[in-house]
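In: A structural model of the following input is requested.
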Amino acid sequence: MGKHIADTTVLHNGVKMPWLGLGVWKVTAEGEVEHAVATAIKNGYRSIDTAAVYGNEEGVGRAIQQSGVAREDLFITTKIWNSEQGYDSTLRAFEESRKKLGLTYVDLYLIHWPVKGKYKDTWKALEKLYKDGVVRAIGVSNFHVHHLQDLMADCEIVPMVDQVEFHPLLTQRELLQFTKENNIQMEAWSPLMQGNLDLPLLKELAEKYQKTPAQIVLRWDLQQGVVTIPKSVKEQRIIENSDIFDFELSAEDVEKINGLNQNKRFGADPDNFNF
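Out: Take a look at the predicted model:
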């Protein structure tokens, strides 16, 4: 669950993955991603989550190289975009991402969205990359239970991670239960609901625990065994988001937050996306 920023969960292949990471979605302004990643690493973060479609892998790579932190102490995630899915194209796209990041290996490589008719061939490419040792762990993103079941019906390697939209208004109980039963680590993107934190319960709990609503939500993630990767480019916010390891929500308060669920998405539905 995590009691320190350096704490990790262990994926089903034995690879350690930090409970907390920095997401860099839409961080594309000149020098912005380098500053965000450098700030995060300086303040104890060891996990950075990017993707080919974010257009900032090169900036992430520069920040990593300039950080002074040993490569083996960092956990770097990137993702294969929808237009590149398929076996051969995935292998090519991975090489492009690896080149942009300036890395010899990637810690976690994910299928970004479940593109119909393509994600199984894409997964076969990820299995090859894993066997070749250029990726330490492989997984998926935005996969519902039925996508996972379909993939697992004939894959060689069960996904190690499913990164999905997960927050108090979208608690995904069925998916969370399924991933736990199948030893797949669930990971939350947009855990802070793209800033829509103005909920009375979160304010009440923030006051009770002397924390911010954002910190309450991130702690709630961890206590359910969900890895979380809040995005920010502001130093104060990056530091604030990591200050979640010195308190614990009561079981009753965790259930209260679960009760906020509205099955509300701020992103696309994995069963109905057009990009």
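In: and the strands in the stretch 1-150 of the chain?
Out: Counting by DSSP state E, counting those that start in this stretch, the segments of the stretch 1-150 of the chain that form strands are 8-10, 16-18, 22-23, 47-49, 75-80, 106-111, 135-141.
In: now the ones you listed in CSV, with distance to residue 176 and mean pLDDT?
Out: C-beta coordinates here come from the backbone N, C-alpha and C atoms, glycine included. Supplementary listing: those in CSV, determined by distance: least, C-beta to C-beta, whole Å; pLDDT from 0 to 100:
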stretch, distance to residue 176, mean pLDDT
strand 8-10, 14, 98
strand 16-18, 17, 98
strand 22-23, 19, 96
strand 47-49, 19, 98
strand 75-80, 20, 98
strand 106-111, 18, 98
strand 135-141, 15, 98
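In: out of these, which one sits most buried?
Out: Greatest average neighbour count among the strands of the stretch 1-150 of the chain goes to strand 22-23 (a mean of 28), per mean count of other C-beta atoms under 10 Å.
In: helices and strands around that one, which ones?
Out: Secondary structure elements in contact with strand 22-23, counted by 3 or more C-beta pairs under 8 Å, 6 or more residues apart in numbering; DSSP states H and E, are helix 32-42, strand 47-49.
In: before we move on, back to that, would you list the strands of the stretch 1-150 of the chain in a markdown table and tack on distance to residue 215?
Out: Output for these, formatted as a markdown table (distance: least, C-beta to C-beta, whole Å):
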| stretch | distance to residue 215 |
| --- | --- |
| strand 8-10 | 20 |
| strand 16-18 | 17 |
| strand 22-23 | 15 |
| strand 47-49 | 18 |
| strand 75-80 | 22 |
| strand 106-111 | 25 |
| strand 135-141 | 25 |
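In: and these: which comes nearest residue 193?
Out: Smallest distance to residue 193 across the strands of the stretch 1-150 of the chain (C-beta to C-beta): 13.2 Å, for strand 22-23.
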